[in-house]
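Participant: give me coordinates for this.
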Amino acid sequence: METRDYLRMLKDEIHSTVFATIDEHGFPQARVIDIMLVDDNSLYFITAKGKEFYHQLMQKQYVAISGVTVGESSLNKKAISLRGKVRNVGQELLHKVFEVNTYMHDIYPTKESRMALEVFQLYEGQGEYFDLSTKPITRDSFALGKKVEIKGGYFVTDKCRGCKICYSKCPQKCIDISVKPVVINQENCLHCGNCISVCPFGAVRKRERI
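Facilitator: Sure thing, here's the model as predicted:
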């Protein structure tokens, strides 16, 4: 899937997500915020100027977001996480927010009651998709805006001797042992770290993220 597909899933299938910010004392703060609008490469949400959330957004201009679809069990769920830069775009899109999200009229019924609301845009950052409903699991990463996508997880170097110990400890069996060095199938990897901890030759390395 493309970035726009993950953003639309956030809005239409998940909608209510957990937003994390840092307060003035350097402590993490979290709250549930609805995704109001998305386009091909960014998402939009709202808050009121009187909230601490608003002041944290204005000061740090950065958020981390996580959301999960509703499913009968954990193994039927899909999760998306995002982290990146946000900016205040004022009230220009507020009419569109209320047009698309009609339930907001019950919360802020009049034009006067919406005076404190402003729209924020997450316009640059990185995201990760995690689908537990597939076997093996499916993982993907994506980028928003100008941010260069840096993938996490682990990879195998040419120090590999083909002993296959890593495969025996891999919960998803997502290591191709038909080649040497063996290859980790990144789209199915849990990032558990078993491979790096058991490799006797130090052939596994962690890929750095930003």
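
Participant: quick one: residues in contact with the longest helix seen in the chain.
Facilitator: Using DSSP state H, we find that the single longest helix of the chain is helix 52-60. For helix 52-60, the surrounding residues in contact (CB atoms under 8 Å, 6 or more residues apart in numbering) are 19, 21-24, 29, 31, 33, 47-48, 63, 86, 88, 118, 120. Yep, even glycine has a C-beta here, placed from its N, CA and C like the rest.

Participant: cool, and stretch 129-145?
Facilitator: 1-3, 6, 41-42, 71, 74-82, 84-85, 122-128, 149, 151-153, 172-174, 186-191.

Participant: next step: the residues you listed restricted to strands.
Facilitator: Using DSSP state E, the subset of those located in strands is 78-82, 84-85, 122-128.

Participant: just the buried residues of the contacts of helix 52-60.
Facilitator: Neighbour counting with 16 or more other CB atoms under 10 Å marks F19, T21, I33, T47, V63, V86, E118, F120 as buried within the contacts of helix 52-60.

Participant: any idea how far the fourth one lies from R8?
Facilitator: T47 sits 22 Å away from R8, going by CB to CB, to the nearest Å.

Participant: over to the first one?
Facilitator: As judged by CB to CB, F19 and R8 stand 18 Å apart.

Participant: can you tell me what sits against the helix or strand hosting Q29?
Facilitator: Per DSSP states H and E, Q29 falls inside strand 28-34. The contact list for strand 28-34, computed with CB under 8 Å, 6+ apart, reads 15-23, 45, 47, 52-53, 56, 65, 101.

Participant: center of this protein, which residue is that?
Facilitator: Taking CA atoms, centre = their mean as the criterion, S81 is the residue nearest the geometric centre of the chain, at 1.5 Å.

Participant: in this model I65 seems to touch that one, though I could be wrong.
Facilitator: Yes: using CB atoms under 8 Å, S81 is in contact with I65, at 6.7 Å.

Participant: from Q59, how far off is the residue nearest to K77 when sequence neighbours are not counted?
Facilitator: Spatial nearest neighbour of K77, chain neighbours left out: G71 (4.2 Å); criterion: CB to CB, 6 or more residues apart in numbering. Computed with CB to CB, the distance linking G71 and Q59 is 36 Å.

Participant: tell me the domain boundaries of this structure?
Facilitator: With domains defined by automatic domain parsing, the chain comprises 3-144, 154-206.
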